[in-house]
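> quick check, what structure comes out for this input:
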Amino acid sequence: MAGQPRSLAGRVVVITGGARGIGAATAVALARLGARVVVGDLDQVQAEKTAAELGGNALALPLDVTDPKGFTAFLDEVEERVGPIDVLINNAGIMPLSPLDEEDDAATRRLLAINLHAVIHGTREAMVRMRPRGTGHIVNIASMAGKAGFPGAATYCATKHAVVGLSESVHLELRGTGVLVSCVMPAVVRTELASGLGEARFIKSVQPEDVAQAIVAALRRPKFDVFVPSSLDAMGRITRLLPRKAGEWLVRSLGGDRLLASAVHSTARADYEARAAHSAPAAEERDVS
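Residues are numbered from 1 along each chain as shown. Alright, predicted model coming up:
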C-alpha cells in the first residue's frame with residue numbers, strides 16, 4: 001500500500017517568477033493546502049497582487065534572478081522573515097522566439113541568465129540550506145523542449161535541456177540526504193509566454209493550473225520526472241526508439257517542427273517579446289559595465 005501523501009501545511013515554499021502564469025497558479029494551489037508561500041518576481045506590483053489573493057500567510061518580495069547576490073539575499077530574507085525554506089521552485093523563465101541566426105547576443109545572454117544560470121544558482125543555494133537539515137525539495141521547471149529540439153527556439157531548447165541535465169545530476173548528488181529533486185516538463189502552457197502559438201496535433205496544450213496540480217502532486221508524493229500532460233513521457237519514449245529519420249518524419253507529420261517556428265515574428269507575441277527583452281536588468285548592467 002502506498003504511503004500517505006505528505007502534508008504541505010505550514011511548509012515554506014518559495015516560487016521564483018511567481019507573479020503570473022505557472023508560478024501564480026502554483027502559489028494558489030499550494031496556499032489552498034496551507035503552505036506559507038513566498039512569491040519572488042521582478043514585477044513587484046504584480047507579485048503583491050498575487051500574494052494578496054493568497055491570504056495572510058503569503059509574502060511577495062522583489063527578485064531579479066539574474067543578480068546572484070540579490071538572489072541569495074532574497075533567500076536570506078525569506079528565512080529571516082518566514083523560516084527555513086522547505087521547497088524552492090525555480091520557475092522564472094522566458095521564451096523569446098527567433099531562428100538562431102536572427103537571435104542577437106543580448107537575447108542569448110538573457111536566456112542563459114534567466115533560464116539556466118538562475119536555476120543553477122537557485123538549486124545550489126537550496127542545496128546549501130537544505131542538506132544540513134536533511135530535508136527539503138527542489139523543483140526545477142524545464143519543458144518538453146528539454147527533451148527535444150524545436151525550430152525557432154534553439155537557445156531556449158538548449159537552456160531547458162541543460163535544466164534537465166542539471167536536475168538529473170543534482171538528484172543523484174542528493175541521494176540519501178533527505179533533499180528531493182523534481183524536474184517538471186510541461187507541453188505548451190497557455191500563458192503569456194505561449195502567445196501566438198497554435199495547437200500541436202500530437203499533444204494538447206495545458207493550462208497553468210494543470211502544471212500547478214502536477215507540481216503539488218510531486219511534492220505530496222515525491223517523484224523526479226513530472227510530465228504535463230503525463231502522455232508526453234510515452235510520446236517521447238516512442239520517438240526516441242525510432243531511427244532518427246523516422247522520428248523526425250513523425251514529428252514533421254504531426255506539425256511539431258512548426259509548433260514554435262510558426263509563431264516567430266507573430267504580432268500576437270509583441271507584448272510578451274517586449275517584456276521578455278527587459279527581464280534581466282542585473283545581467284544587462286553587467287554586460288554594459
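> now do the strands in the stretch 51-200 of the chain.
Secondary structure of the stretch 51-200 of the chain (DSSP state E, counting those that start in this stretch): strands at 59-62, 87-90, 136-141, 179-186.
> can I get the CA coordinates of the longest one in CSV?
When you say that, I think you mean strand 179-186. The C-alpha trace of strand 179-186 is given here as CSV (Å, rounded to 0.1, in the frame of the first residue of the first chain):
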residue,chain,number,x,y,z
VAL,A,179,16.6,16.5,0.0
LEU,A,180,14.5,15.7,-3.1
VAL,A,181,14.5,17.0,-6.7
SER,A,182,11.7,17.1,-9.2
CYS,A,183,12.0,18.2,-12.8
VAL,A,184,8.8,19.5,-14.4
MET,A,185,8.4,19.2,-18.2
PRO,A,186,5.2,20.7,-19.5
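> and it, what's its mean pLDDT?
Across strand 179-186, pLDDT averages out at 98.
> kindly report the same for stretch 29-43.
97.
> and stretch 155-167, by the same measure?
pLDDT averaged over stretch 155-167 gives 98.
> stretch 274-286 too?
In this model, stretch 274-286 carries a mean pLDDT of 82.
> buried residues of that stretch, list them for me.
Residues of stretch 274-286 classed as buried by neighbour count (16 or more other Cβ atoms under 10 Å): 276, 279-280, 282-284. Bear in mind the C-beta positions are built from the backbone N, C-alpha and C, glycine included.
> hmm, who's touching it?
Identification of contacts with stretch 274-286 by Cβ atoms under 8 Å, 6 or more residues apart in numbering yields 42, 64, 66-67, 70, 94-96, 106-107, 109-110, 113-114, 192.
> okay, now Val189: neighbour count?
Other residues near Val189 come to 21 when the count uses other Cβ atoms under 10 Å.
> right, I'll call it a day here.
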